[in-house]
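Asker: fold the following for me, if possible:
(one chain, ligands or ions: 2)
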Amino acid sequence: MTGDDAEELAVEQALALVGGRNRARNRADDQAGDQVPRNENRREHQNHREHQNRSEPSDPHPTPHPTPPAPATPTPELPWDRAQAVAARAGRGGPLAVVRLPLDRALGHVLAEPLAALTDLPSFDTSAMDGWAVAGPGPWTYEEGVSLLAGVGESPTAARLPDGTAVRIATGARTPADTTAVIRSEHAQVDEARALVSTRRPVVTGQDIRPRGQECRSGDRLVPAGTVVTPAVLGLAAAAGYDALPAVPRPRVDVLVLGDELLAAGLPHDGLIRDALGPMLGPWLRALGAEVSGPHRLGDDAEALREALTSSDADLIVTTGGTASGPVDHVHPVLAALGAELLVDGVAVRPGHPMLLARLSPDGPHLVGLPGNPLAAVSGLLTLAEPLLAGLAGRPAQDAYRALVHADVPGHPHDTRLVPVVHRAGRAGGRDHVAPLRYNGPAMLRGIAAADGLAVVPAGGVRSGTEVEILDLPWAPATPWTEGCFT
Ligand SMILES: Nc1nc2c(c(=O)[nH]1)N[C@H]1C(S)=C(S)[C@@H](COP(=O)(O)OP(=O)(O)OC[C@H]3O[C@@H](n4cnc5c(N)ncnc54)[C@H](O)[C@@H]3O)O[C@H]1N2
Ligand code: MOO
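Answerer: Ligands and ions are numbered 1, 2, ... in the order given. Here you go, the predicted model:
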């Protein structure tokens, strides 16, 4: 068994202990990763790290080890939902820029202003069917060879339809003034010899006519600011007279991948592994509406990291790895050296608890530090980067939704868990639900690759049949369309 496997096993064993019968806050049970006190004196606290694994004095089953003094001012990890809220607030902090984008470049952007109709829709009374425009009660006489077609301006012969007459009309053609109704061609009897049209069906005034302004009047608000420009919004905007849309520019994101052990190609060898995050984060962040630069692979080089942070002109820098306190984990020391403000420094969530959110300077970019373990990085992406980007892009937060979970899902003793799930339709009268997926250890992507969401599992776990909050993945149907999502 590799070290990683052993670590996963330890995590799963710890989680298996939980399932409702051991919900006491007991850090000694936490084999998923011991707790790093979060404050500015991280190095000082490393000296106390060995003590963090031991039972607290209130533990009903204390270990025989002596209890060390607690660190002076430990900053607890933020609860998961608070961390999400801090990130969302950080994203909404500044005024939004507005650009006017031609329709063919606006897909996936967020509307900076409401879309107000520039015209009535339809902009004239329109035939909804191919058939006959008629005036008054039938039968109606018609003039051979005269047809009203879509796209043709007002016909002098048919600008007004006299009572008792009919004119051939195509779907989308403007109806002449005084038209009572349109008779569909399949409902009309045409007596060519007498140039007479009749119908056996009752004729309702206005039938198959789309009156001007039926869908909207000029100036009506069609969709609000904050709407993501989908293909349908593009169609509506074009119909309503727009050539360009007022949009919030995409937030620019630099992706910095840290780690000397990472290979950009080929098979793992000699202790080196493939970088799984570089290829994943660019498309994922684009799917969240960002314009992405990178991945820039910096190795474990504090100076390269400092240089990349100070020279970035992005709105958000996303780093991967180096968030913990190993000898080459440079994120915290470099942020401290730059005087960055830590808005979130550790979150009570598994996987991903070392994730962090910082602001490099009061008007500088934000930085989301994703832990290196790949599923932990996904957790940080959804907890911190997604709400932050939603704010920067002017996109309203998605309403949280819940779904039934089929199967008991073990919880962490005191932290939230994010567990890959897949939506399943209820069979034989059963309700739609989500099923948790295996291979959900912090270093694994096998579960999330098969998932369409992450279940937010509260501390202690949930029983089968419980409703849990679901975070959609960007490729799940409920999420906004963005151009180049998978390119
Ligand atoms: N003493 C402690 N050690 C660790 C703790 C802790 O609380 N105390 N937390 C553990 C947890 S939980 C996580 S998550 C990781 C976070 O570590 P870092 O953010 O510093 O990440 P690294 O140490 O650089 O890497 C961790 C792991 O992930 C692999 N990795 C990194 N980058 C990539 C990548 N781009 N693609 C694929 N795999 C990657 C790396 O090789 C390591 O195996 O810290 C624990 N340790
Ligand atoms: O449990 Mo860590 O947060 O591996 O992700």
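
Asker: could you pull out the strands for the stretch 351-487 of the chain?
Answerer: In the stretch 351-487 of the chain, the strands defined using DSSP state E, counting those that start in this stretch lie at 356-359, 366-370, 401-404, 416-424, 433-436, 453-457, 467-472.

Asker: got the angle for the last one vs strand 416-424?
Answerer: If I follow you right, that is strand 467-472. 80 degrees (axes from the mean of the first three to the mean of the last three Cα atoms, to 10 degrees).

Asker: what's the angle from strand 467-472 to strand 453-457?
Answerer: Computed by the same axes, to 10 degrees, the angle separating strand 467-472 from strand 453-457 equals 140 degrees.

Asker: buried residues, strand 467-472. List them.
Answerer: Neighbour-count burial for strand 467-472 flags V468, E469, I470, L471, D472 (criterion: 16 or more other Cβ atoms under 10 Å). C-beta here means a position set from N, CA and C on the backbone, and glycine is covered the same way.

Asker: next one: the fifth one
Answerer: Buried positions in strand 433-436, judged by neighbour count with 16+ other Cβ under 10 Å: H433, V434, P436.

Asker: got JSON lines for the strands of the stretch 351-487 of the chain, with distance to ligand 1 and mean pLDDT too?
Answerer: What follows is those, written out as JSON lines (distance: least, Cβ to the nearest ligand atom, whole Å; pLDDT from 0 to 100):
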{"stretch": "strand 356-359", "distance to ligand 1": "9", "mean pLDDT": "97"}
{"stretch": "strand 366-370", "distance to ligand 1": "7", "mean pLDDT": "98"}
{"stretch": "strand 401-404", "distance to ligand 1": "27", "mean pLDDT": "94"}
{"stretch": "strand 416-424", "distance to ligand 1": "12", "mean pLDDT": "96"}
{"stretch": "strand 433-436", "distance to ligand 1": "20", "mean pLDDT": "94"}
{"stretch": "strand 453-457", "distance to ligand 1": "16", "mean pLDDT": "96"}
{"stretch": "strand 467-472", "distance to ligand 1": "18", "mean pLDDT": "94"}
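
Asker: adding distance to P122, write those strands out as TSV.
Answerer: Formatted as TSV, the strands of the stretch 351-487 of the chain follow (distance: least, Cβ to Cβ, whole Å):
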stretch	distance to P122
strand 356-359	49
strand 366-370	46
strand 401-404	36
strand 416-424	39
strand 433-436	43
strand 453-457	40
strand 467-472	36
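
Asker: deepest-packed of those, please.
Answerer: Comparing the strands of the stretch 351-487 of the chain by mean neighbour count (mean count of other Cβ atoms under 10 Å), strand 366-370 ranks first with a mean of 28.

Asker: what's that one packed up against?
Answerer: helix 80-91, strand 316-320, helix 331-338, strand 356-359, helix 374-380 (3 or more Cβ pairs under 8 Å, 6 or more residues apart in numbering; DSSP states H and E).

Asker: can you say which of these is nearest to ligand 2?
Answerer: Among those, the nearest to ligand 2 by Cβ to the nearest ligand atom is helix 374-380 (2.8 Å).

Asker: so which elements touch the closest one?
Answerer: Helix 374-380 packs on helix 277-287, strand 347-350, strand 366-370, strand 416-424, helix 446-449, going by 3+ Cβ pairs under 8 Å, 6+ apart.

Asker: would you turn these into a markdown table with distance to R212?
Answerer: Formatted as a markdown table, these follow (distance: least, Cβ to Cβ, whole Å):
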| stretch | distance to R212 |
| --- | --- |
| helix 277-287 | 40 |
| strand 347-350 | 55 |
| strand 366-370 | 49 |
| strand 416-424 | 43 |
| helix 446-449 | 51 |
